[in-house]
Each structure stands twice: as C-alpha cells, then as structure tokens.
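Asker: Sequence and predicted structure below; questions after.
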Amino acid sequence: MSVERADLEAKLREIQGVIEETAHGAKNTVVLAAVGVVGLLLVVYLLGRRKGKKGSARVEVYRLS
C-alpha cells in the first residue's frame, strides 16, 4: 500500500479544519469570559462606591487663630 500526495494533502486539510474550529471556539469562550469579568468588576466597584458614600462620616474642621 502506498501513500499518495493527494491523500496526505486531504488529511492535512482535514486536521487544519479541526484546528481552526477549535481555535474559533476557544476565542469565543475567552471573549465571553473577559466580558463577564469586566462586568463583575464594574458591579463590585459601583456597589463599593455606594456603600462608601452611605457610611462615610462628615467631619468639619475649624481653624482657631
């Protein structure tokens, strides 16, 4: 049994297609995860900022000279 050049090219194209599909799926997952992390950080920042304003004390300083 001999291996023809066309057989090798066909198999390599098939492997390349699978690799491209996997890479495309991984990119989508990474982008989705990044958007989720940024959204979560924004929510935590806004909630912390609100809590900080709500509980902060007002202090007045008078200078006696």
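Answerer: Structure's in. What do you need?
Asker: Can you show me the strands along the chain?
Answerer: Here the chain has no strands by DSSP state E.
Asker: in it, which residue is closest to the centre?
Answerer: Ala34 (1.2 Å; Cα atoms, centre = their mean).
Asker: Show the pLDDT at that residue.
Answerer: Per-residue confidence (pLDDT) for Ala34: 95.
Asker: and if you look at Val38?
Answerer: The model's pLDDT for Val38 equals 96.
Asker: Glu20 too?
Answerer: 92.
Asker: any low-confidence regions in this protein?
Answerer: Counting by pLDDT under 70, the chain shows low-confidence ranges at 52-57.
Asker: Helices of that one, start to end?
Answerer: Using DSSP state H, the helices of the chain run over residues 5-55.
Asker: Give me the phi and psi for Arg63.
Answerer: phi -100, psi 130 (degrees, to the nearest 10).
Asker: From Tyr45, how far out is it?
Answerer: Distance of Arg63 to Tyr45, given as Cβ to Cβ, to the nearest Å: 35 Å. Backbone N, C-alpha and C define where each C-beta goes, glycine included.
Asker: Just the buried positions in stretch 4-18, please.
Answerer: Counting neighbours by 16 or more other Cβ atoms under 10 Å, one finds that stretch 4-18 has no buried residues.
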